[in-house]
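1. structure for the following, please:
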Amino acid sequence: MIGQLTRRLRSARGGLSHSLLSTLVSVAKHGPLRLADLAQAELVSAPSITRLVAELEAQALVSRTPDPADGRASLIQVTDAGLEAVQVARRVRQQMVAELLEPLTADEVTSIEAALPALERLIEPR
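-> Sure, this is the predicted structure:
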């Protein structure tokens, strides 16, 4: 059941793949970031994050700037278009959640809301 819900929510990405959206959200939330730090945050390999960032950069959703602490490295930061893409994906997901909750009773929605803090603790890094 949770797997089905997860798959439905993952489908609400505003036009980006799950990996691209996840990477973009990480940059928006924690950036600017070095590629290695972004790979660690996304739990992917260096070649994978390089490919994802290149694709996001090609879509003008992120940009690279020289790292002032190390001229050999670059920092990845979200662009205005990237922030808009994140907001669009969130709106799409919010709409999907609203549609999923619509047929439920008020008591059922309250039960789900009461369970959310415990579910958030389950996914916190340890």
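2. please report the distance of Arg34 from Ala114.
-> 40 Å (Cβ to Cβ, to the nearest Å). Where you see a C-beta, it was placed from the backbone N, CA and C, and this is true even at glycine.
3. then Ser22?
-> 28 Å.
4. before we move on, the earlier item: so which of Arg34 and Ala114 has more stuff around it?
-> Under the neighbour definition other Cβ atoms under 10 Å, Arg34 and Ala114 were set side by side, and Arg34 has more, 16 against 9.
5. which strands and helices sit next to the lengthiest strand in the chain?
-> Taking DSSP state E as the criterion, the chain has its longest strand at strand 70-78. For strand 70-78, the elements it packs on are helix 18-30, strand 33-34, helix 35-42, strand 62-67, judged by 3 or more Cβ pairs under 8 Å, 6 or more residues apart in numbering; DSSP states H and E.
6. list the buried residues in that strand.
-> 74-76, 78 (16 or more other Cβ atoms under 10 Å).
7. sheet-wise, list the partners of it with their directions.
-> Its sheet considered, strand 70-78 pairs with strand 33-34 (antiparallel), strand 62-67 (antiparallel) by DSSP bridges.
8. how far away from the center of its chain is the longest one?
-> Averaging C-alpha positions (Cα atoms, centre = their mean, to the nearest Å) puts strand 62-67 19 Å from its chain's average.
9. phi, psi for Gly31 please.
-> phi -70, psi 170 (degrees, to the nearest 10).
10. find the nearest non-adjacent residue to it, please.
-> The spatially closest residue to Gly31, leaving aside those adjacent along the chain, is Gln77, at 4.7 Å (Cβ to Cβ, 6 or more residues apart in numbering).
11. OK, contacts around Leu56?
-> 20, 23-24, 27, 62, 82 (Cβ atoms under 8 Å, 6 or more residues apart in numbering).
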